[in-house]
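Novice: Quick one: sequence plus predicted model below, questions after.
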Amino acid sequence: NAGVTQTPKFRILKIGQSMTLQCTQDMNHNYMYWYRQDPGMGLKLIYYSVGAGITDKGEVPNGYNVSRSTTEDFPLRLELAAPSQTSVYFCASSSDSSYNSPLHFGNGTRLTVT
Amino acid sequence: GENVEQHPSTLSVQEGDSAVIKCTYSDSASNYFPWYKQELGKGPQLIIDIRSNVGEKKDQRIAVTLNKTAKHFSLHITETQPEDSAVYFCAAMKGSARQLTFGSGTQLTVLP
């Protein structure tokens, strides 16, 4: 059981470039989330999805886009990379949004924008 | 919105000693408080949680206490072992997981 898989593990982008961070889960979870983790800070929610075809903004959505065409996949798109987007990005999933359903996190993507 | 403060940011203890990490939250409507452990190069993993109708919960060497009146909760790890070394995050949730607010993390180092 792979759980939540994120690719790539590391990436360096130049300012203005674009990229897609991939996230897939094999637990048939309806809910999926994207967080960013900056040094000395807690995780901040970027976007989340409650099911295929449905996405919504979290606390820090500016500069990002998401899509959810299947239950398994929840890619995060950066269109015009900026140094402020240097961070570690975590994808997570849960079967529902209640406290009965803990978040399962991937191992993260470390992104540097220079 | 919710604000969660976590202290200390770093904590070093001798193997076998106890470790305590404390968090305070601001929104009295928060009703669920999970703790996550993040090992180097990995994503956070839930280790214990507590709901607002419970004052304390234990799971082997780890325990969490909640004081709703003071709006603070704490993680207690007893008989620490080197494999407990990691970053620990507290969080507070109000209603649903999209309203999960994390603390800033505590780097725990257990010295052999």
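Specialist: Cool, got the structure.

Novice: ok, which residues in chain A are in contact with chain B?
Specialist: A:4, A:31, A:33, A:40-45, A:48, A:56, A:58-59, A:90, A:92, A:94, A:97-99, A:101-103, A:105-108 (CB under 8 Å from any CB of the partner chain). C-beta coordinates here come from the backbone N, C-alpha and C atoms, glycine included.

Novice: Mark which of those are buried, thanks.
Specialist: Neighbour counting with 16 or more other CB atoms under 10 Å in any protein chain shown marks A:4, A:31, A:33, A:42-45, A:48, A:58, A:90, A:92, A:94, A:97, A:99, A:102-103, A:105-108 as buried within the residues of chain A next to chain B.

Novice: Walking through chain A, point out its strands one by one.
Specialist: Assigned by DSSP state E, chain A shows strands spanning A:4-7, A:10-13, A:19-25, A:31-37, A:43-51, A:54-57, A:64-66, A:76-78, A:87-94, A:104-105, A:109-113.

Novice: typed the wrong thing, it's chain B
Specialist: Using DSSP E, strands in chain B cover B:4-7, B:10-14, B:19-25, B:32-38, B:45-51, B:56-59, B:62-67, B:72-77, B:86-93, B:100-102, B:106-111.

Novice: just so I know, which of these lies nearest A:Leu80?
Specialist: Nearest to A:Leu80, of all these, is strand B:100-102, at 27.1 Å by CB to CB.

Novice: and the closest one, which strands flank it?
Specialist: The strands beside strand B:100-102 in its sheet (DSSP bridges) come out as strand B:86-93 (antiparallel).

Novice: can I have the partner strand written out in CSV, keeping just the CAs?
Specialist: The C-alpha coordinates for strand B:86-93 follow below in CSV (Å, rounded to 0.1, in the frame of the first residue of the first chain):
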residue,chain,number,x,y,z
ALA,B,86,11.9,14.4,15.2
VAL,B,87,9.9,17.6,14.7
TYR,B,88,6.5,17.6,16.5
PHE,B,89,3.6,19.7,15.4
CYS,B,90,0.4,20.4,17.3
ALA,B,91,-2.7,21.5,15.6
ALA,B,92,-6.2,22.7,16.3
MET,B,93,-9.3,22.0,14.3
